[in-house]
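Enquirer: From the sequence below, what's the structure:
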Amino acid sequence: MKKIYLFSDGSSLGNPGEGGYCAILRYNDKEKIIKGGKKVATNNQMELLAVVEGLRALKEPCEVEIVSDSSYVVKGINEWLKNWEKRDFAKVKNPDLWREYIRVSKAHSIKATWVRGHAGHKENEMCDKIAKEEAEKLK
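Expert: Residues are numbered from 1 along each chain as shown. As a prediction, this is how the structure comes out:
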C-alpha cells in the first residue's frame, strides 16, 4: 500500500463567507495540489472539504496521513466520528460532508495528525495561502 501525505487547509472570509480549500498530496517526491472554493461556506466546512477532495483524488487504496491545523477535522476523524455515526449524526454540524468523508476514506488506512497553524510548517503555510487565494477569487 502506498504511503501518501495529505496536507490540507481551509479558509472562509466572514465565516460564513467565501470559502477556499487546498490539499497537497505527496507520494515520495511527487506532489499534486487540489484546490477550490464555494461562494458561501464556513471555515470548518472548507477544512473538511480539503480532506474530502484530497482523498477523492486518490486512484487506489493507500495509507494516508492527513496533516491539518484543524482540531475539528483531526479530532473528528480520530476521536468523534465513530460515535457520530452510531447516532446517525444527530446534532452534528456538516453531516453531509462527514458522510462524504466516510465514503471517500473507506478504501484507505487513515491517520490524522494536527499541526499548529501559522507556525512555519511549510506545507500548512502553502495550503493556507492557496485556500485564501481560492476564497478571494469568489469575492
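Enquirer: pretty sure residue 84 is touching residue 92, no?
Expert: Yes. The pair residue 84 / residue 92 is scored as a contact, 5.0 Å apart, by C-beta atoms under 8 Å. Backbone N, C-alpha and C define where each C-beta goes, glycine included.
Enquirer: Overlap of the contact sets of the two?
Expert: Common contacts of residue 84 and residue 92 (C-beta atoms under 8 Å, 6 or more residues apart in numbering): residue 98.
Enquirer: what sits against the residue nearest in space to the middle of the chain?
Expert: Closest residue to the average C-alpha location of the chain: residue 51 at 2.5 Å, with C-alpha atoms, centre = their mean. Counting by C-beta under 8 Å, 6+ apart, residue 51 touches 6, 8, 23, 66, 68, 73, 77, 101.
Enquirer: so the fourth one bridges to which residues?
Expert: To tie it back to what came earlier, the one meant is residue 66. Beta-bridge pairing for residue 66 (DSSP bridges): residue 6, residue 112.
Enquirer: Give me the neighbour count for it.
Expert: Using other C-beta atoms under 10 Å, residue 66 is surrounded by 26 other residues.
Enquirer: got it, and the last one?
Expert: Using other C-beta under 10 Å, the number of residues around residue 101 comes to 22.
Enquirer: so where's this structure shaky on pLDDT?
Expert: Scanning the chain for pLDDT under 70 picks out no residues.
Enquirer: And the strands in it?
Expert: 2-13, 17-27, 30-41, 62-68, 109-114 (DSSP state E).
Enquirer: In JSON lines: those, plus distance to residue 127.
Expert: Formatted as JSON lines, the strands of the chain follow (distance: least, C-beta to C-beta, whole Å):
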{"stretch": "strand 2-13", "distance to residue 127": "4"}
{"stretch": "strand 17-27", "distance to residue 127": "4"}
{"stretch": "strand 30-41", "distance to residue 127": "9"}
{"stretch": "strand 62-68", "distance to residue 127": "9"}
{"stretch": "strand 109-114", "distance to residue 127": "14"}
